[in-house]
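Visitor: Sequence plus the predicted model coming up.
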Amino acid sequence: MNTSGIQSIAVKVSGSNSALLDDADGLQKLMRDIAEAAGLHHLESVTHQFSPQGISAALLLSESHIAIHTWPESGVAYIAMTTCKMLDDDKLQQIKELAAQLLGAKNIIMKEMTL
């Protein structure tokens, strides 16, 4: 792993469809689609469904990880991604569009930091 360039991306999604935010299979698909769009390789995943609602899920990547946490009652999700493969602006825009499309989001804020 090349640790000279670690990229950390945080995405806050709001105004989302609460049913989509409480769909474990859909969230796993979102994380796999993000990894594929970014050219990353997924290894393992874990998901926890809270009662009465909400999900925390993570996808382990060869290049690091993607995690998502949802609050369906508020229409909010938080996606965190760290990778040693630097993603260009086009890939970041694809990730943003995937999150908006697959979560039915009205608002997305994305922050990126290179360490």
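Guide: The structure has been received and is ready for your questions. Numbers count the residues shown, from 1 in each chain.
Visitor: Please name the nearest non-neighbouring residue to the residue nearest the centre of the chain.
Guide: Taking C-alpha atoms, centre = their mean, the centroid of the chain lies closest to I79, which sits 3.9 Å from it. Distances taken as C-beta to C-beta, 6 or more residues apart in numbering place V11 nearest to I79, at 4.1 Å, with adjacent residues excluded. Yep, even glycine has a C-beta here, placed from its N, CA and C like the rest.
Visitor: element containing V13, please.
Guide: Assigning secondary structure by DSSP states H and E places V13 in strand 7-14.
Visitor: Where does pLDDT dip in this structure?
Guide: For the chain, the stretches flagged by pLDDT under 70 are 1-4.
Visitor: hmm, try it at 50
Guide: In the predicted model of the chain, residues 1-2 satisfy pLDDT under 50.
Visitor: can you map out the strands along it?
Guide: 7-14, 42-49, 55-61, 64-71, 76-83, 107-114 (DSSP state E).
Visitor: okay but E73 is in contact with S18, surely?
Guide: Yes - between E73 and S18 there is a contact under C-beta atoms under 8 Å: 6.8 Å.
Visitor: quick one on the thing from earlier: I'd say the residue nearest to I79 and A99 touch.
Guide: Yes - with contact defined as C-beta under 8 Å, V11 and A99 form a contacting pair (5.7 Å).
Visitor: Residues in a beta bridge with the residue nearest to the centre of the chain, which ones?
Guide: V11, I68 (DSSP bridges).
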